[in-house]
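Peer 1: pasting the structure only:
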């Protein structure tokens, strides 16, 4: 846990981020750190601009609140910067530090660890307009946020990578396991039956890799609140008569909406057509996550048509949209 050294470059980047936030009327500056810093100096340089500092441990943020800065604890020391930024934004919304439609200037180590080198403008509005801090706290009440993050991260990996070069669609149902099992039945062979709970917990990287293989099979994967895979290849029986979804969503999404309405579980789907991950609660889509690569400052793809005679290809356009959370 290295403290932030206030080099000339750090001071310049931080000052630029603050001025950028002021000129764009951003709601806050988010500073993603690997250790403690001179909090009073950060606050003084920010003036009246709201600053949120995020780090992995409470110890790394000790004294920040007393200096007048808002804080977010991540506990994600081994995660990519993209995931840490995403979690910081979600935690800030859950703690009512940011509104769902906020604009944030993020300052972070995008290329080299322990070296502040990147500034991005992130607009949360596109994906979080309907999601409030209360919604996130309710999600956390039903399913611990750590477990939900494990499942969502796994779903995003499946949506982005597929399996053996082929797209994969699947569904996870997390929490309220007894009722979920009562509202579903086995499609046939259950590949996780007979394993110990330790050998079925998503906290183990080997288990997550195994679940990626199972995700290619038909049926939902049932996960308990502690992250244990209770069953796989389950057909959802919950009624969908009162469910209303956007056009274009298939039977997997209807089943996810139905089971989240019939129980207190949270359902997570991966669309086979485009890899989009959706989180369902109470029969509604609460959050949509697009399957983008884990690269800082790259948020969304667009289609590019070259001049006549060239080959179609897809390029990546940096846009000011919210990084999609796991």
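Peer 2: Alright, I've got the coordinates. Just so we're clear, the structure is a prediction, and the values are computed from it rather than from any experiment. Numbering: from 1, shown residues only.
Peer 1: so residue 72, which state does it fall into?
Peer 2: The three-state assignment at residue 72 reads strand, by DSSP: H, G, I helix; E, B strand; the rest coil.
Peer 1: excluding sequence neighbours, find me the nearest residue to it.
Peer 2: Spatial nearest neighbour of residue 72, excluding adjacent residues (Cβ to Cβ, 6 or more residues apart in numbering): residue 54 at 4.1 Å. C-beta here means a position set from N, CA and C on the backbone, and glycine is covered the same way.
Peer 1: same check on residue 77?
Peer 2: With Cβ to Cβ, 6+ apart as the measure, residue 56 is the residue that lies nearest to residue 77, at 4.7 Å, once sequence neighbours are left out.
Peer 1: so who does that neighbour touch?
Peer 2: Remark: with contacts taken as Cβ atoms under 8 Å, 6 or more residues apart in numbering, residue 56 is in contact with 34, 73, 74, 75, 76, 77, 84.
Peer 1: outside of the longest strand along the chain, which residues touch it?
Peer 2: In the chain, assigned by DSSP state E, the strand with the most residues is strand 229-236. For strand 229-236, the external contacting residues (Cβ under 8 Å, 6+ apart) are 171, 173, 177, 181, 183-193, 200-202, 207, 211, 214, 217-224, 255-256, 258-259.
Peer 1: buried set for the helix or strand just after that strand?
Peer 2: Sequence-wise, the next helix or strand downstream of strand 229-236 (DSSP states H and E) is helix 251-262. If you call a residue buried by 16 or more other Cβ atoms under 10 Å, then helix 251-262 has these buried ones: 252, 253, 254, 255, 256, 257, 258, 259, 260, 261, 262.
Peer 1: what packs against helix 251-262?
Peer 2: Contact partners of helix 251-262 among helices and strands, from 3 or more Cβ pairs under 8 Å, 6 or more residues apart in numbering; DSSP states H and E: strand 170-174, strand 229-236, strand 266-270, strand 277-281, strand 284-289.
Peer 1: tabulate those (JSON lines), appending mean pLDDT and mean neighbour count.
Peer 2: Listed next are the helices and strands packed on helix 251-262 as JSON lines, based on pLDDT from 0 to 100; neighbours: other Cβ atoms under 10 Å:
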{"stretch": "strand 170-174", "mean pLDDT": "95", "mean neighbour count": "27"}
{"stretch": "strand 229-236", "mean pLDDT": "94", "mean neighbour count": "22"}
{"stretch": "strand 266-270", "mean pLDDT": "93", "mean neighbour count": "28"}
{"stretch": "strand 277-281", "mean pLDDT": "88", "mean neighbour count": "25"}
{"stretch": "strand 284-289", "mean pLDDT": "80", "mean neighbour count": "20"}
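Peer 1: in JSON lines, list these along with distance to residue 49.
Peer 2: Shown next, in JSON lines, are the helices and strands packed on helix 251-262 (distance: least, Cβ to Cβ, whole Å):
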{"stretch": "strand 170-174", "distance to residue 49": "38"}
{"stretch": "strand 229-236", "distance to residue 49": "45"}
{"stretch": "strand 266-270", "distance to residue 49": "35"}
{"stretch": "strand 277-281", "distance to residue 49": "32"}
{"stretch": "strand 284-289", "distance to residue 49": "28"}
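Peer 1: state the mean pLDDT of stretch 147-159.
Peer 2: Averaging the model's pLDDT scores along stretch 147-159 yields 86.
Peer 1: and stretch 189-196, by the same measure?
Peer 2: 89.
Peer 1: could you list the buried residues of that stretch?
Peer 2: Taking 16+ other Cβ under 10 Å as the basis for neighbour counts, the residues of stretch 189-196 that come out buried are 190, 191, 192.
Peer 1: of those residues, which is the nearest to residue 30?
Peer 2: Minimum distance to residue 30 across the buried residues of stretch 189-196 is 38.7 Å, recorded for residue 192 (Cβ to Cβ).
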